[in-house]
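**Student:** Let me see the structure of the following:
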Amino acid sequence: MTAAAPLLTPGPTRVVGVLNVTPDSFSDGGRYTDVHTAVEHGLRMAAAGASLVDVGGESTRPGADRVSAETELTRVLPVVTRLTGAGVAVSVDTMRAEVAARCVEAGAVVVNDVSGGLADPAMLRTVASLGCVYVAMHWRAHSATMDQHARYDDVVTDVVNELLERVRAAVVAGIEPDRLVVDPGLGFAKTRDQSWDVLRGVEAVHGIGLPVLWGASRKGMLDPVAPGGPEARDDASVAITTWLATHGAWGVRTHTVAPHLAAVRVATRLVQT
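**Tutor:** Below is the predicted model of the structure:
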């Protein structure tokens, strides 16, 4: 059993706190680029009850250009090292095997790969050797071009089938199934309506049979119901967490920990028998 295995045991929906140490993320870019400020925010999220703090050094907002591996490491590694040193459970949000390996060596217990192993051919075999939990997201292309790939016969069926392909690839590479989490990738190579369709297809996604991490927090799909920019979408994000928690989601990735934990508690009471 890995050190991160308790994260995947049955229980209430986990809340994963988002910590973007980037200048250009869609919601909080530039807010936590200083190591001290980033670490303090990560500690606050952990103290508020986040099961994981997810540290990312490369923006994946629509249209974003890639940064170098060196830049990404410079951003994330000091923050990961200090948070894990303080006893915080950390995941690293990266598409690069090199960054994943360095951060796990520094104490991260989860690799959260939005490309599901497609962006870096070395990722799956690297994670297999690391022994950590691996989150494979549904992904079709990098941010600069992903909107051109939002074509589906049936978006829920296609997303499920493509996630299953990534699961098979991960297992072939040597990652044990009990270390795998999947993410349907709301907003990634999907229109707003398609993202809502995937959300409504929650039971089909959960039918994959693995823990599922959902990331709806502050995303553009919420703008029709909560216009006004990313932070104006916080209440709608909490509503989605309640919905997902009543449907047995393993985790939700959020920018504001406390209200999402409250939503999980409400959902837990609602489904109790």
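**Student:** max-length helix in this structure?
**Tutor:** Counting by DSSP state H, the longest helix found in the chain is helix 155-173.
**Student:** Remind me what that one packs against, helices and strands.
**Tutor:** Secondary-structure packing of helix 155-173 (3 or more Cβ pairs under 8 Å, 6 or more residues apart in numbering; DSSP states H and E): helix 123-130, strand 133-137, strand 180-183, helix 192-200, helix 202-206. For glycine as for every other residue, the C-beta is placed from the backbone atoms N, C-alpha and C.
**Student:** Flag every buried residue along that helix.
**Tutor:** Val155, Val156, Asp158, Val159, Val160, Glu162, Leu163, Arg166, Val167, Ala170, Ala173 (16 or more other Cβ atoms under 10 Å).
**Student:** The fourth one: what's it in contact with?
**Tutor:** What that stands for is Val159. His138, Tyr152, Pro184, Gly185, Val198, Gly201, Val205 (Cβ atoms under 8 Å, 6 or more residues apart in numbering).
**Student:** List just the nearest of the residues you listed to Leu244.
**Tutor:** Using Cβ to Cβ, Val205 is the member of the contacts of Val159 that sits closest to Leu244, with 10.0 Å.
**Student:** With adjacent residues omitted, what lies nearest to the closest one?
**Tutor:** Spatially, and ignoring its direct neighbours in sequence, Val205 is nearest to Pro184 (5.1 Å; Cβ to Cβ, 6 or more residues apart in numbering).
**Student:** confidence score at that neighbour?
**Tutor:** Confidence at Pro184, expressed as pLDDT, is 98.
**Student:** cool, Ala3 as well?
**Tutor:** 48.
**Student:** Relative to Pro12, which of the contacts of Val159 is nearest.
**Tutor:** For these, the nearest to Pro12 is Val205 (18.5 Å; Cβ to Cβ).
**Student:** Give me the contacts around the longest strand along the chain.
**Tutor:** Secondary structure of the chain per DSSP state E: the longest strand is strand 14-20. Residues from elsewhere that reach strand 14-20 (Cβ under 8 Å, 6+ apart): 7, 27-29, 31-32, 38, 41-42, 45-46, 48-56, 59, 79, 91, 213, 217, 241, 250-255, 257, 260-261, 264.
**Student:** roughly how far is the next helix or strand after it from the heart of the chain?
**Tutor:** Going down the chain from strand 14-20, the next helix or strand is helix 35-48, by DSSP states H and E. From the chain centre to the centre of helix 35-48 is a distance of 18 Å (Cα atoms, centre = their mean, to the nearest Å).
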